[in-house]
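Q: From the sequence below, what's the structure:
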Amino acid sequence: MTDQDSTATTATSAAADRPAAGRPVVLAEALDSFTELWSPRIVGSVNDYDVRIAKVRDEHVWHTHDHTDEFFLVVEGELFIALREPGGERTVTLPRGSVFTVPRGVEHKPSSPSGAAILMFEPTGTLTVGDRHEEVPDHVDVTTGHALTG
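A: Here you go, the predicted structure:
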């Protein structure tokens, strides 16, 4: 086996281990496959990042990701992200189709009073409650993401 063959085999097996490897994911169908809130499902990966979807309603927790930014895309509904920045607190409103990136180290708290579906990019292994967080209520799943099933 040549080095090129070995590299191709390794790349193929690594791709096979990734969520949704080699097949498209219809977001509406993926979102219909689960009901849990604040409990993201991994629908794909890009390099060392997970592509996660979640259904959300009410409030998450104040938390901070010390080593990574957090990207949000609102698929359905409306999402609010409260931010605690050096200049004070502010809230960003994200209607359907909007994107926003919370910079690493910024304390934030997502919420959606009427419910939303979101897509996030985060490094594989990133906890939903970040590196530092307030007390986690029962309705928030502390996870690095769940496999998409169904």
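
Q: isn't Phe121 right up against Asn47?
A: No. The pair Phe121 / Asn47 is not scored as a contact, 10.1 Å apart, by Cβ atoms under 8 Å. From N, CA and C alone the C-beta is placed, and that goes for glycine too.

Q: between those two, who's got more neighbours?
A: Under the neighbour definition other Cβ atoms under 10 Å, Phe121 and Asn47 were set side by side, and Phe121 has more, 20 against 6.

Q: so the residue nearest to the more buried one when sequence neighbours are not counted, which of the three states?
A: Setting aside the residues directly before and after it, Phe121 is nearest to Phe71 in space (Cβ to Cβ, 6 or more residues apart in numbering), at 4.1 Å. Secondary structure, DSSP: H, G, I helix; E, B strand; the rest coil: Phe71 is strand.

Q: And the residue nearest the centre of this protein?
A: Taking Cα atoms, centre = their mean, the centroid of the chain lies closest to Met120, which sits 3.4 Å from it.

Q: who does that one bridge with?
A: Arg52, Phe72 (DSSP bridges).

Q: Could you double-check that it sits in contact with Arg41?
A: No. When contacts are counted by Cβ under 8 Å, Met120 is not listed as touching Arg41 (10.7 Å).

Q: Which residues are in contact with each of the two?
A: Any residue near both Met120 and Arg41 by Cβ atoms under 8 Å, 6 or more residues apart in numbering counts here, and that gives 52-54.

Q: Throw these into CSV and include pLDDT, thanks.
A: Below are the shared contacts of Met120 and Arg41 laid out as CSV (pLDDT from 0 to 100):
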residue, pLDDT
Arg52, 97
Ile53, 98
Ala54, 98
